[in-house]
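S.K.: Pasting the sequence and the predicted coordinates here, then a few questions.
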Amino acid sequence: MGMEHNTSIVEVNGVPTWYASWGTGEPVVLMHGGFSDSRDFTGGPEVLAGRHGFRVLTPDRRGHGRTADVEGPITHELMAQDMIAFIERVAGGPVHLVGYSDGGTVALLVALRRPDLVRRLVLISASYSLDGLIIKPEPGGEMPPPVAAAYGEVSPDGIEHFPVVVAKRMAEVEAGEDPIGPAELGTIPCRTLVLSGDDDLVRLEHTIDIYRRIPDSELGVVPGTSHVLLAEKPELCTHLIVEFLRYDPVPTYIPIRRAT
């Protein structure tokens, strides 16, 4: 039996946004990937809340999961503004922010736009540019059937609406503009953990680039995993996240990058 949790809907920027909450304590917001929902973190919220004493919030972003689509586009910037409003309304102040895959891109934008709302930042298999992906989304391309089926399982709009959401997301790809400029990463002030699988959809060189550009960052590559590392090695990933959120950095004996 899983830990008890509550589900609610809160309106942010005109979007009735579904979210679940577990536990009490320091708030942690988990941000799911693209074309998926908060089930990306299955099991993780219970461990973070029950064993480690965090208040865990898992919103489904506009047009994803249990949050219905609304009129208008679905862009990274809009989703970031939604999440800023969500944090202010539901958490009421700064949070630890954990973003997976496309949710990591949104989390980066939140940290850039409102650094006062982010205590510590965890980026899991995230990218700031399409050039960081080994396999890039292509407008007009077929989405994998399991992705569409998972959408249909929970979406209030029904599986028939999935192509509409895909088209909205692909519009940003067709525009050809990256949501974040690489130089912007150097302005992120919060302590950041950058995680990746060693056989990830995100190029390892891109992950290292993110790590090197964010001044106060740490790097973890999870061995024997792919882009779905949260499902492949959930205990190890959760352990690394908890270590980062719960404790301050240890002093290192031979600092190079962190030498003062």
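M.R.: Here it is on my side, so go on.

S.K.: List the residues that contact the residue nearest to the spatial centre of the chain.
M.R.: Centroid check for the chain by Cα atoms, centre = their mean gives residue 99 as the closest residue, at 1.9 Å. Applying Cβ atoms under 8 Å, 6 or more residues apart in numbering, we find residue 99 in contact with 31, 105, 106, 107, 108, 121, 122, 123, 124, 126. Any C-beta I mention is one placed from the backbone N, CA and C, and that applies to glycine too.

S.K.: Closest to residue 170 out of these?
M.R.: residue 105 (15.2 Å; Cβ to Cβ).

S.K.: Secondary structure of the residue nearest to the centre of the chain: a strand, I assume?
M.R.: Yes. Under DSSP: H, G, I helix; E, B strand; the rest coil, residue 99 falls within a strand.

S.K.: Need the per-residue pLDDT for it.
M.R.: Looking at residue 99, its pLDDT stands at 98.

S.K.: Kindly confirm my reading that residue 193 is in a strand.
M.R.: Yes. Assessed by three-state DSSP, residue 193 belongs to a strand.

S.K.: quick one: contacts for the residue nearest to residue 65 when sequence neighbours are not counted?
M.R.: Leaving aside its sequence neighbours, residue 65 sits nearest to residue 37 (Cβ to Cβ, 6 or more residues apart in numbering; 2.5 Å). Residue 37 is in contact with 60, 64, 65, 66, 150, 151, 154, counting by Cβ under 8 Å, 6+ apart.

S.K.: And for residue 102?
M.R.: Residues in contact with residue 102 (Cβ under 8 Å, 6+ apart) are 33, 34, 35, 76.

S.K.: cool, residue 150 as well?
M.R.: Here residue 150 is in contact with 36, 37, 39 (Cβ under 8 Å, 6+ apart).

S.K.: all helices of the stretch 151-260 of the chain, in order?
M.R.: 162-175, 204-213, 229-232, 234-246 (DSSP state H, counting those that start in this stretch).

S.K.: Could you point out which of those helices sits nearest residue 4?
M.R.: Using Cβ to Cβ, the helices of the stretch 151-260 of the chain put helix 234-246 closest to residue 4, at 19.1 Å.

S.K.: If you count neighbours, what's buried in the closest one?
M.R.: 237, 238, 240, 241, 242, 244, 245 (16 or more other Cβ atoms under 10 Å).

S.K.: And these, which is closest to residue 27?
M.R.: Nearest to residue 27 among the buried residues of helix 234-246, with distances taken as Cβ to Cβ, is residue 245, at 10.9 Å.

S.K.: residue contacts, the closest residue to that closest one other than its chain neighbours?
M.R.: Spatially, and ignoring its direct neighbours in sequence, residue 245 is nearest to residue 96 (5.2 Å; Cβ to Cβ, 6+ apart). Contact partners of residue 96, counting by Cβ under 8 Å, 6+ apart, are 26, 27, 28, 29, 54, 118, 119, 120, 121, 122, 245.

S.K.: Then residue 171?
M.R.: residue 73.

S.K.: about what we covered before: in strands, which of the contacts of residue 102 appear?
M.R.: Taking DSSP state E, every one of the contacts of residue 102 sits outside strands.

S.K.: re the thing from before, now render the buried residues of helix 234-246 as CSV, adding pLDDT and distance to residue 18.
M.R.: Formatted as CSV, the buried residues of helix 234-246 follow (pLDDT from 0 to 100; distance: Cβ to Cβ, whole Å):
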residue, pLDDT, distance to residue 18
237, 96, 24
238, 95, 23
240, 97, 28
241, 97, 23
242, 96, 25
244, 97, 27
245, 97, 24
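
S.K.: Including distance to residue 90, could those residues go into TSV?
M.R.: Shown next, in TSV, are the buried residues of helix 234-246 (distance: Cβ to Cβ, whole Å):
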residue	distance to residue 90
237	24
238	22
240	26
241	20
242	22
244	23
245	18
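
S.K.: Tell me which two of these sit farthest apart.
M.R.: 237 and 245 (12.6 Å).
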